[in-house]
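Asks: just need the structure, nothing else, for what follows:
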Amino acid sequence: MKNAMLLVLASFLLFTARAQENISGIINAYAAVQSIDYCNNTLQVSTTNGFAEGDALILIQMQGAEIDVSNAASFGSITNLGQAGLYERAVITAVNGLEITLEKVLVNEYDTDGAVQIVSMPDYSSGAIVSNTLTARAWDGSTGGVLAFEASGLTLQAPIDVSGKGFRGGSSVLDYTGDCNFLDNFNAFAYPEASIRGAHKGEGISAIVSNLARGRGSQANGGGGGNDHNAGGGGGGNINAGGTGGQNNNPSFFGCDGQNPGQGGKAITGISAGRLFMGGGGGAGHGNNDGASDGGTGGGIVILRTTTITSNDFPIRANGLPAATSGGDGAGGGGGGGAIALLLANGDGDGLLLEALGGNGGDADDQVFDQCLRPGGGGGGGR
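Replies: Next up is the predicted model:
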């Protein structure tokens, strides 16, 4: 009897050790990287909460690309990717205050002025079950937007979804205290923050600067904001460009037209598997009646390393979000699709549903105004 009890206990312990872990919600920790000592393999970070010795992490640069800022249709074109999108996996050997020491020399060099962050990478060595929607913390301008983990095997009983966790759409907030004139043609590609002549651009892989924060020119893969009067915002992009916003055509001869909608976010070209980008935010629609809508938020990034996946027809999504409907003003552009990096040891992922779609541009409700609608542009797809 004693031997039988020992066998039962051993079987129970073996089963417990091999039980898959249920995961859902947000499983990652995030910290901004403030400096890197390449000689000593150390990072100075904003917080070490959620990071411990022996843990793996993802080091990734979110921005830092250079763009053309001339007042022309080329505004927002990417002239140099810089280190934007570079990423790698690393292992922590020590945590001391706000300093993290890594096991090995880094493969890439990073520019900490370009929003470099670390993301914890949990390892579910006994396998994992996605029991409810698994997602990432939303991008806040310095951290977030990335879901990363490892598992010896993965079963989906719910979606993995980082839709709308990427670059933020332009805000439609505009203190429109002036007026338009039917003779005016507000066609600049960028306006300063204080201007009423252009709506906010969406975020992209090149950081927005305050004296160029508004207007129809794209912000790398971020969509341009609609110009005065009431033009729609452009859609965010990724490897595909976002759509151009809609024009506002006032039927009255003396009415104010909006012939300069936001440009779609530029397509990011010349990229490789060594770079991952969040979807660009859509540009905001221009408004003077507090009825414009914000640009849609771009899709985030999924980095997943596993042996096998049983999907049960549940998807992995990194879609851009649609912009809301405007009321009597310009509508925002949709967010661009994000990115999914899937490293499978066994199989090729056949049967998996992967989505990195751009969001729809916002519709425009004309309300009581007798004029043509000015919708936002659709977001471009990710990868």
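
Asks: thought N360 was touching G332?
Replies: No: the pair N360 / G332 is not scored as a contact, 10.4 Å apart, by Cβ atoms under 8 Å. Bear in mind the C-beta positions are built from the backbone N, C-alpha and C, glycine included.

Asks: which residues do those two both contact?
Replies: Contact criterion Cβ atoms under 8 Å, 6 or more residues apart in numbering; residues shared by N360 and G332: G296, A323.

Asks: so between these two, which is more surrounded?
Replies: G332 (44 against 23; other Cβ atoms under 10 Å).

Asks: the residue nearest to the more buried one when sequence neighbours are not counted: which element?
Replies: With Cβ to Cβ, 6 or more residues apart in numbering as the criterion, G332 has its nearest non-adjacent residue at 3.5 Å, and that residue is A323. Here A323 sits in a region with no helix or strand, counting by DSSP states H and E.

Asks: who's in contact with A323?
Replies: 169, 233, 282, 285, 293-296, 331-335, 359-362, 376.

Asks: for L304, see how far away it is.
Replies: Using Cβ to Cβ, to the nearest Å, A323 is found at 29 Å from L304.

Asks: ok, now N108?
Replies: 20 Å.

Asks: the more surrounded of the two?
Replies: L304 (20 against 13).

Asks: compute the first-to-last residue distance for stretch 310-321.
Replies: One end of stretch 310-321 to the other measures 27 Å (Cα to Cα, to the nearest Å).

Asks: buried set for that stretch?
Replies: Neighbour-count burial for stretch 310-321 flags S311, F314, I316, R317, A318, N319, G320, L321 (criterion: 16 or more other Cβ atoms under 10 Å).

Asks: then stretch 156-168?
Replies: L156, P159, I160, D161, V162, S163, G164, K165, G166, F167, R168.

Asks: can you name the two of these that sit furthest apart?
Replies: L156 and R168 (28.1 Å; Cβ to Cβ).

Asks: on the three-state scheme, L147 is what?
Replies: Put simply, L147 is strand when judged by DSSP: H, G, I helix; E, B strand; the rest coil.

Asks: surely it meets A136?
Replies: Yes: if you go by Cβ under 8 Å, L147 and A136 touch, sitting 4.0 Å apart.

Asks: mutual contacts of these two, please.
Replies: With contacts taken as Cβ under 8 Å, 6+ apart, L147 and A136 have N28, V162, K165, G300, I301, V302 as neighbours in common.

Asks: got a list of what the nearest residue to F277 once chain neighbours are set aside touches?
Replies: Among residues not flanking F277 along the chain, G85 sits closest, at 4.9 Å (Cβ to Cβ, 6+ apart). Contacts for G85 (Cβ under 8 Å, 6+ apart) come out as I60, Q61, I205, I268, I271, G274, R275, L276, F277.

Asks: try 6 Å this time
Replies: Counting by Cβ atoms under 6 Å, 6 or more residues apart in numbering, G85 makes contact with R275, L276, F277.

Asks: of all the residues you listed, which comes closest to T112?
Replies: When those are compared for distance to T112 (Cβ to Cβ), R275 wins out at 17.2 Å.

Asks: need the pLDDT of that closest one.
Replies: On the pLDDT scale, R275 is placed at 98.

Asks: determine the number of other residues adjacent to it.
Replies: For R275, using other Cβ under 10 Å, the count is 19.

Asks: so in terms of bridging, what pairs with it?
Replies: L86 (DSSP bridges).

Asks: number of residues surrounding I205?
Replies: Number of residues near I205 (other Cβ under 10 Å) recorded here: 32.

Asks: what of the one 3 residues further on?
Replies: Burial of I208 is recorded as 23 neighbouring residues (other Cβ under 10 Å).

Asks: what separates it from D365, distance-wise?
Replies: Counting by Cβ to Cβ - I208 and D365 are separated by 28 Å.

Asks: same check, this time on Y30
Replies: 38 Å.

Asks: and the pLDDT at K2?
Replies: 37.

Asks: just the helices from the stretch 201-350 of the chain, written as ranges.
Replies: For the stretch 201-350 of the chain, no helices are identified by DSSP state H, counting those that start in this stretch.

Asks: could I get the pLDDT score of the residue nearest the centre of the chain?
Replies: Closest to where the C-alpha atoms of the chain average out (Cα atoms, centre = their mean) is G166, at 1.7 Å. G166 carries a pLDDT value of 99.

Asks: what residues are up against it?
Replies: Here G166 is in contact with W139, G145, M278, G279, G298, G299, G300, G338 (Cβ under 6 Å, 6+ apart).

Asks: now for the residues you listed, which sits with the most neighbours around it?
Replies: Highest neighbour count within those: G279, with 49 neighbours (other Cβ under 10 Å).

Asks: tell me what Y124 is bridged to.
Replies: A151.

Asks: isn't it right up against Q20?
Replies: No: checked against Cβ atoms under 6 Å, the pair Y124 and Q20 is beyond contact range at 7.4 Å.

Asks: that older thread, per-residue pLDDT, the residue nearest to G332?
Replies: 97.

Asks: equivalent analysis for D113, please.
Replies: pLDDT at D113 comes out at 98.

Asks: kindly report the same for G222.
Replies: Value for G222, per-residue pLDDT: 99.
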